Structures are given as C-alpha cells and as structure tokens.
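A.B. asks: Mind folding the following:
(one chain, ligands or ions: 2)
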Amino acid sequence: MHISTTPASPPTLERTDGSPVREHIKAAHGWLHTARFLTSAPQLEHLPALTLPEIAFVGRSNAGKSTCINTLTQQKRLAFASKTPGRTQSINLFELGKHGVTDAVLADLPGYGYAAVPREAKLRWQRVMGNYLLTRENLTGVVLLCDPRLGLTELDEILLDVIRPRVQAGLHLLLLLTKADKLNRAEAAKALSIARLQCGGGQALLFSALKKQGLDEVALLLRHWTQGQEPAPEAAAAEGIF
Ligand SMILES: Nc1nc2c(ncn2[C@@H]2O[C@H](COP(=O)(O)OP(=O)(O)O)[C@@H](O)[C@H]2O)c(=O)[nH]1
Ligand SMILES: [Mg+2]
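C.D. replies: Ligands and ions are numbered 1, 2, ... in the order given. Alright, predicted model coming up:
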C-alpha cells in the first residue's frame, strides 16, 4: 500500500525568508479559507482518484465535526453541502489551494454511532469508512473528533485500530477534543493526557469552535501535514506562541 510520504523530521522555524511563525499561522488560515466543494461520493468507487494529499475528518455524530470544519474553513456553505439530501451518507470532498490551484483535499466522512440509523445502513457505512481509511492511497492524515465529556466510543476505538498500521507507516493522526469550552482547566488537562495515551503515534489537541481554542494549532498542523515545509505547531509552541 502506498502511503503519502512526509519529511522525516518536522521543519524548524529557521526559514530562508525569515518570516515569523505568526505569518505562517495567517497563511495556514488563509489557505483553509479557500476550501470549496469538489465532489460527493456515496460509495468508495465514486471517489475520484487523486494524488493530492487528503485529510479525512471523522467522528461520531454530534462530536462537533461540521462546526469544526466550518470554523477552520470559515465557510458555512461546506456544512450545507454535507447536509444536502443524498450527501449525508456520502464522503464529501473539498479542495484547498490559493488562486484556484488545488494543493490538498479535505474529506468529510459521515458521522457514526447515531442511534436512530437502521442497523443495515450502519453496517454499510462502517464498511465504506473502513475501506476508505485502509485503501485511500492519497490519505495523508486523519482528524478524529471526539467530545471529551464522552470519551472515545467503541466505534472510535475500532477506527483507531483500523488505521493503526497506517499510522505506524507514516499516516498522520490528530485526536481532536472538541467543545473544550465545556471543560474546566483540570478536566481539560486530564482529557488531553488521556487522549495522548489513546492516540498512540498520533497527536491530541483541545479544540473549541466557540472560544476559537486550538484553531491556530490545527491550521498549522494541517498545513504541515500537506505542505511539509511549514513549521510544525511544536515549533510555534517553542516560540511561546501557543
Ligand atoms: N459549546 C460548544 N458546542 C459546540 C462546539 N462545537 C460544536 N458544538 C455543538 O455540538 C453540537 C453538534 O455539533 P456538529 O458540528 O453539528 O456535530 P457533528 O454531528 O459532528 O457534525 C451542536 O449543537 C454544536 O453547536 C464547541 O466548540 N463548543
Ligand atoms: Mg455534521
């Protein structure tokens, strides 16, 4: 299986053009704001074969996925695209890139674990998602969204098991703890340390769309995953920016 390659070591802040990290954060947001609907695929075989780096957003229903994607991209339209009848159980792709030059793709996968969905539909969907995560060749990173008040569900755990070999082979993984504004400081710190243990080989971050918490880190990280040369969030943290 081909896994998109990324630089062996995260780039540092020493850039030839000497631009400060804040400029990179701004650029990362500007880049995410270019998101536009590309296509919707009800089945895996309907997905276009792409060579561009692709980042998948996954998580149980109500985890805060739509809100997160909208906040990152600053585009309510994208959520509408994902809510259009017929697209709700589809993989929706959005392209990213300035001046119409697509350089990465976001994949919005339907939420799982919603009790009211008939069993057959659930099983079908789990197969589509499992196959997508295992076989999508240009998949560069996975953002697994989780409401830390509920913790990882059984389906989240299964998903992590499914992608573990790919994560070990270089697939990026971010366990994003949403709705962090609902936690106090101690709860947030505890949730983050548990998540760091659970995401073996990946990273964990706190996120709040309401408070705009974690927005800069996620933007920088996604850009780093797909464009390699951008400074990793760790570098920004070392500069005292986060
Ligand atoms: N307090 C708070 N609520 C949020 C946040 N993000 C999402 N929500 C709420 O959580 C619910 C589910 O969010 P949604 O984005 O639709 O979840 P999805 O099913 O995963 O797409 C909605 O009522 C949102 O308003 C957040 O950062 N803070
Ligand atoms: Mg949603």
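
A.B. asks: Only C-alpha atoms from now on, for both contacts and neighbour counts.
C.D. replies: Fine.

A.B. asks: Distance from stretch 155-167 to the middle of the chain?
C.D. replies: 14 Å (C-alpha atoms, centre = their mean, to the nearest Å).

A.B. asks: what's that stretch in contact with?
C.D. replies: 3, 59-60, 112-113, 130, 133-134, 144, 173, 199, 201-202 (C-alpha atoms under 8 Å, 6 or more residues apart in numbering).

A.B. asks: residues of stretch 152-167 that come out buried?
C.D. replies: Leu152, Asp156, Leu159, Leu160, Ile163, Arg164, Arg166, Val167 (16 or more other C-alpha atoms under 10 Å).

A.B. asks: Let me know the average pLDDT across that stretch.
C.D. replies: The predicted model assigns stretch 152-167 a mean pLDDT of 94.

A.B. asks: on that earlier part again, which two in the contacts of stretch 155-167 are spaced the farthest apart?
C.D. replies: Ile3 and Gly113 (28.0 Å; C-alpha to C-alpha).

A.B. asks: Could you turn the buried ones of the contacts of stretch 155-167 into a ChimeraX selection?
C.D. replies: Here is the ChimeraX command that selects the buried residues among these (16+ other C-alpha under 10 Å):
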select :3,59,60,112,113,133,134,144,173,199,201,202
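
A.B. asks: Spatially central residue in this protein, please.
C.D. replies: Val143 (2.9 Å; C-alpha atoms, centre = their mean).

A.B. asks: helices or strands next to the helix or strand harbouring that one in the packing?
C.D. replies: Using DSSP states H and E, Val143 sits within strand 139-146. Secondary-structure packing of strand 139-146 (3 or more C-alpha pairs under 8 Å, 6 or more residues apart in numbering; DSSP states H and E): strand 54-59, strand 172-177, helix 215-227.

A.B. asks: Beyond that strand, next helix or strand please.
C.D. replies: Following strand 139-146 in sequence, per DSSP H and E, is helix 154-168.

A.B. asks: returning to that earlier point: keep only the contacts of stretch 155-167 that also lie close to ligand 1.
C.D. replies: Intersecting the contacts of stretch 155-167 with the contacts of ligand 1 gives an empty set (criterion: C-alpha under 6 Å from any ligand atom).

A.B. asks: Which of the contacts of stretch 155-167 scores worst on pLDDT?
C.D. replies: Ile3 (44).

A.B. asks: got the buried residues for the top helix by length along the chain?
C.D. replies: Of all segments of type helix in the chain, defined using DSSP state H, the longest is helix 119-135. Within helix 119-135, the residues scored as buried using 16+ other C-alpha under 10 Å are Lys122, Trp125, Gln126, Val128, Met129, Tyr132, Leu133, Leu134.

A.B. asks: will you turn the residues you listed into JSON lines that also has distance to Leu220?
C.D. replies: Shown next, in JSON lines, are those (distance: C-alpha to C-alpha, whole Å):
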{"residue": "Lys122", "distance to Leu220": "34"}
{"residue": "Trp125", "distance to Leu220": "31"}
{"residue": "Gln126", "distance to Leu220": "30"}
{"residue": "Val128", "distance to Leu220": "29"}
{"residue": "Met129", "distance to Leu220": "26"}
{"residue": "Tyr132", "distance to Leu220": "25"}
{"residue": "Leu133", "distance to Leu220": "23"}
{"residue": "Leu134", "distance to Leu220": "25"}
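
A.B. asks: Please put the alpha-carbon coordinates of stretch 167-182 into PDB.
C.D. replies: C-alpha atoms of stretch 167-182 as PDB (Å, rounded to 0.1, in the frame of the first residue of the first chain):
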ATOM      1  CA  VAL A 167      -0.200   5.500  11.400                       C
ATOM      2  CA  GLN A 168       2.800   3.300  12.100                       C
ATOM      3  CA  ALA A 169       3.700   3.600   8.400                       C
ATOM      4  CA  GLY A 170       3.500   7.400   8.500                       C
ATOM      5  CA  LEU A 171      -0.100   8.400   8.200                       C
ATOM      6  CA  HIS A 172      -0.700  11.500  10.400                       C
ATOM      7  CA  LEU A 173      -3.300  11.300  13.100                       C
ATOM      8  CA  LEU A 174      -4.900  14.000  15.300                       C
ATOM      9  CA  LEU A 175      -7.300  13.200  18.100                       C
ATOM     10  CA  LEU A 176      -9.100  16.500  18.400                       C
ATOM     11  CA  LEU A 177     -11.000  17.000  21.700                       C
ATOM     12  CA  THR A 178     -13.900  19.300  20.700                       C
ATOM     13  CA  LYS A 179     -16.100  21.600  22.800                       C
ATOM     14  CA  ALA A 180     -13.200  22.200  25.200                       C
ATOM     15  CA  ASP A 181     -15.100  25.300  26.400                       C
ATOM     16  CA  LYS A 182     -17.300  22.800  28.300                       C
END
